[in-house]
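1. sequence-free structure coming up:
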Ligand code: SF4
């Protein structure tokens, strides 16, 4: 057989491998038959390093076949882009940046480095609908039924364009890494593409789309993929709910056409794991014996969540899904607006209220409730779920700006644990008892604050 390797063909093979047990079995039992049945353009043995972990581990790392190396390069390119989105989504406003950095540090210590790696902490998400027509059993945001759409009318066009300009003004150039769906199916909105085109024109980037209904209107989906490619979009996503849908997608879209479209295979047979969030956490649905991961989240915004239908804006950041925050994100605050001017005002209010760069004198200081403090000889250590913070030897992962060493830090650790004093009161306490300059105590407190180790936001 003439073997044809493209990234798209390899990707398609691996999608089947992870979602279709019958495919796996046939590859093991009779690869030639699998080639014919599934129209494979190459022999599976040629890319064995990609689907057989044991084989990959035993293989000579210097002898990697070209198709395997090309696919690995492709995956690395996607990971590099994801990391770039996270690193470059910093704001030009120092208050937003300090807050976002604290949230990132908190997330690392709560979720671990590996899980945190998949969170981009995007600057904003906008919902252009209220609710969702799909009703997935696993919906991590427990999206309600679709009840309203934000159509591209003359009036809405004006407010939408204004909204994008305001987000750019408030956040800075990296506002372009926002996107236009959340607890919504973007293609429920017939005008979605017009909103995206404005997004591209005003913010200079074509935002990513995830749709669970790629087959609802195949021409429309195809045009959206093309529109994204023409405007230098990067990756799009189809959420696939059954093997029948997977087959239909394969029938209508070529492997190469879907090179930059990730198929998130959520069919019953796939080995995908789910965060214990939303509908799964609520236990209202049969989880179909799926792997459910505790201490996780699918939220990826540390910034603003807007809904254009009810004109609301929330300040949100990811967290482990729990009974307090069942959708896997903390809601710091929520406000409403009726026009652009009001939106600008409420965004400023959210920043002013919730994003101090340093601790105020009157701010009560207490460690996050998931931390355990332990007194050490020259200070204290904090035991986090993932890395451990030690005041004398800050964890390198935290990229600590300075070593905090002070014989009286043990007392500071105790006071912060008790949590009944303000920053100003602590400074005064150390000044009176130990003759420590208030600036020094504030420096210690602010360093701890900047690592995201203190309680902030809603209870
Ligand atoms: S997962 Fe997405 S498509 Fe499914 S119900 Fe939730 S919002 Fe809708």
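-> Ah, there it is. Small disclaimer: the values here were computed from a predicted structure and weren't measured.
2. use CA for all of it now, contacts and neighbours both
-> Will do.
3. how much space between the residue nearest the centre of the chain and residue 10?
-> The centroid of the chain falls nearest to residue 300 when counting by Cα atoms, centre = their mean (2.2 Å). Noted for residue 300: a distance of 28 Å to residue 10, by Cα to Cα, to the nearest Å.
4. looking at the residue nearest to the centre of the chain now. What's its pLDDT?
-> Residue 300 is assigned a predicted lDDT (pLDDT) of 96.
5. what's the burial count for the nearest residue to residue 56 once chain neighbours are set aside?
-> Nearest residue to residue 56 in three dimensions, chain neighbours excluded: residue 49, at 4.5 Å (Cα to Cα, 6 or more residues apart in numbering). Residues lying near residue 49 (other Cα atoms under 10 Å) number 19.
6. strands of the chain, start to end?
-> Using DSSP state E, the strands of the chain run over 122-127, 129-130, 148-149, 210-211, 236-240, 261-265, 273-275, 291-293, 301-307, 312-318, 329-336, 372-376, 379-383, 388-390.
7. could you dump those into JSON lines and include distance to residue 21 and mean neighbour count?
-> As requested, the strands of the chain are exported to JSON lines (distance: least, Cα to Cα, whole Å; neighbours: other Cα atoms under 10 Å):
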{"stretch": "strand 122-127", "distance to residue 21": "35", "mean neighbour count": "24"}
{"stretch": "strand 129-130", "distance to residue 21": "37", "mean neighbour count": "26"}
{"stretch": "strand 148-149", "distance to residue 21": "39", "mean neighbour count": "16"}
{"stretch": "strand 210-211", "distance to residue 21": "24", "mean neighbour count": "22"}
{"stretch": "strand 236-240", "distance to residue 21": "16", "mean neighbour count": "20"}
{"stretch": "strand 261-265", "distance to residue 21": "13", "mean neighbour count": "20"}
{"stretch": "strand 273-275", "distance to residue 21": "16", "mean neighbour count": "18"}
{"stretch": "strand 291-293", "distance to residue 21": "16", "mean neighbour count": "14"}
{"stretch": "strand 301-307", "distance to residue 21": "34", "mean neighbour count": "24"}
{"stretch": "strand 312-318", "distance to residue 21": "34", "mean neighbour count": "23"}
{"stretch": "strand 329-336", "distance to residue 21": "34", "mean neighbour count": "18"}
{"stretch": "strand 372-376", "distance to residue 21": "45", "mean neighbour count": "16"}
{"stretch": "strand 379-383", "distance to residue 21": "42", "mean neighbour count": "21"}
{"stretch": "strand 388-390", "distance to residue 21": "41", "mean neighbour count": "21"}
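8. ok, residue 47 to the ligand distance?
-> 32 Å (Cα to the nearest ligand atom, to the nearest Å).
9. ok, that residue - contacts?
-> Applying Cα atoms under 8 Å, 6 or more residues apart in numbering to residue 47 gives the contacts 65, 67-68.
10. ok, residue 261 next?
-> 235-238.
11. hmm, try it at 10 Å
-> 8, 11, 209-210, 225, 234-238, 255 (Cα atoms under 10 Å, 6 or more residues apart in numbering).
12. apart from its neighbours in sequence, what residue is nearest it?
-> Here the residue nearest residue 261, using Cα to Cα, 6+ apart, is residue 236, at 4.7 Å.
13. any idea how far the one you found is from the ligand?
-> 14 Å.
14. now residue 102
-> 28 Å.
15. what about that residue, how many residues close to it?
-> Per other Cα under 10 Å, the neighbour tally for residue 102 reads 22.
16. one more: residue 163?
-> 20.
17. excluding sequence neighbours, find me the nearest residue to it.
-> residue 340 (6.2 Å).
18. who's in contact with the one you found?
-> Residue 340 touches 158-166, 346, counting by Cα under 10 Å, 6+ apart.
19. max pairwise distance over those: which two?
-> Spanning the widest gap among those are 158 and 346, at 18.6 Å by Cα to Cα.
20. kind regards, and thank you for your time.
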